[in-house]
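A.B. asks: Need coordinates for the below:
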Amino acid sequence: MTARGHDWTKRFKKVADLPLKASSAIINGEIVVPAADGIPDFSVLQEDRLKRD
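C.D. replies: Here you go, the predicted model:
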């Protein structure tokens with residue numbers, strides 16, 4: 001869920017599908033996507049994952 005309450009599970013399937021050894025969990029954090037040079041780049045995240053469906 002985003003800070004505004006939107007369910008973006010489909011947009012971040014790799015994160016949602018991570019194996020956890022817990023019956024339930026709350027994961028709080030930020031997603032970082034590295035650009036080709038290895039430096040985190042928010043525009044890469046926007047282009048790849050934050051497109052409107």
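A.B. asks: now the farthest one out in this structure, which residue is it?
C.D. replies: Using C-alpha atoms, centre = their mean, the residue of the chain lying farthest from its centre is residue 23. It sits 20.8 Å away.
A.B. asks: give me every residue that touches that residue.
C.D. replies: Contact analysis of residue 23 by C-beta atoms under 8 Å, 6 or more residues apart in numbering lists nothing. Any C-beta I mention is one placed from the backbone N, CA and C, and that applies to glycine too.
A.B. asks: so which helix or strand takes in it?
C.D. replies: For residue 23, there is no host helix or strand (DSSP states H and E).
A.B. asks: How far does stretch 14-29 stretch from one end to the other?
C.D. replies: This stretch, stretch 14-29, spans 15 Å end to end (C-alpha to C-alpha, to the nearest Å).
A.B. asks: repeat for stretch 9-28
C.D. replies: Terminal residues of stretch 9-28 are spaced 14 Å apart (C-alpha to C-alpha).
A.B. asks: now that stretch: how far from the chain's centre is it?
C.D. replies: The chain centre lies 10 Å from the centre of stretch 9-28; the measure is C-alpha atoms, centre = their mean, to the nearest Å.
A.B. asks: That one: which residues count as buried?
C.D. replies: For stretch 9-28, the neighbour count (16 or more other C-beta atoms under 10 Å) marks residue 11 as buried.
A.B. asks: Could I get the average pLDDT for it?
C.D. replies: For stretch 9-28, the mean per-residue pLDDT is 84.
A.B. asks: what residues are up against residue 44?
C.D. replies: Listed by C-beta under 8 Å, 6+ apart, the contact partners of residue 44 are 33, 34, 35.
A.B. asks: Repeat the analysis, applying 10 Å as the threshold.
C.D. replies: If a contact means C-beta atoms under 10 Å, 6 or more residues apart in numbering, then residue 44 has 32, 33, 34, 35, 36 as its contacts.
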